[in-house]
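> Okay, predicted coordinates and the sequence, questions at the end:
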Amino acid sequence: MPAPPLEVDPQEVKRRLDSGEKLDLIDVREPHEFALAKIEGATLIPMRAVPGELQDLDARADEGTLIVYCHHGVRSLNVVHWLREQGVEACQSMAGGIDAWSLRVDPSVPRY
């Protein structure tokens with residue numbers, strides 16, 4: 001199966017979640033950012049901690065696509081590039097990050 005596109009927009013993530021697809025939301029922001037705004041059900045793994053979590057992330061990607069996000073989509077895209085270099089294919093960066101999620105999907109998520 002070919003790897004999914006590197007990026008996916010927030011509305012598509014919401015549609016896939018609503019359809020029951022198994023997605024694993026991975027928030028690579030810092031803990032203080034996570035405290036300000038988060039998407040329900042997401043797991044916080046700050047970007048600097050990702051290499052130490054590679055084995056766990058690889059196992060999680062076998063269960064469902066990892067949707068990696070940050071504030072605006074820059075850090076998450078870097079993480080997805082790195083994960084794919086490590087052989088984790090089932091991962092995508094949410095374009096625009098949690099800011100775009102707040103604007104286009106769930107306005108109850110605070111913007112900062």
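Received it, and whenever you're ready, just let me know what you need.
> Tell me which helix or strand the residue nearest to the spatial centre of the chain sits in.
The chain has Val68 as the residue nearest its centroid, 1.7 Å off, counting by C-alpha atoms, centre = their mean. Using DSSP states H and E, Val68 falls within strand 65-69.
> Same question for Asp58.
Applying DSSP H and E, one finds Asp58 within helix 54-63.
> contact partners of that helix?
The contact list for helix 54-63 (C-beta atoms under 8 Å, 6 or more residues apart in numbering) reads 22, 24, 26, 45, 50, 66, 83, 86-91. C-betas here are computed from N, CA, C, even on glycine.
> Pop out the phi and psi values for the nearest residue to Glu30 once chain neighbours are set aside.
Spatial nearest neighbour of Glu30, chain neighbours left out: Pro46 (5.5 Å); criterion: C-beta to C-beta, 6 or more residues apart in numbering. The phi/psi pair for Pro46 (degrees, to the nearest 10) reads phi -50, psi 150.
> need the contact list for Pro46.
28-31.
> Just the buried ones from those?
Buried residues within the contacts of Pro46, counting neighbours by 16 or more other C-beta atoms under 10 Å: 28-30.
> Out of the residues you listed, the closest to Arg111 would be?
Arg29 (13.3 Å; C-beta to C-beta).
> Am I right that that closest one sits in a strand?
No - applying DSSP: H, G, I helix; E, B strand; the rest coil, one finds Arg29 to be coil, outside a strand.
> Just give the nearest non-adjacent residue to it, would you?
Nearest to Arg29 is Cys70, by C-beta to C-beta, 6+ apart, at 5.1 Å.
> tilt between the helix of greatest length in the chain and strand 65-69?
Identified as the longest helix of the chain according to DSSP state H is helix 74-85. Relative orientation of helix 74-85 and strand 65-69, computed by axes from the mean of the first three to the mean of the last three C-alpha atoms, to 10 degrees: 150 degrees.
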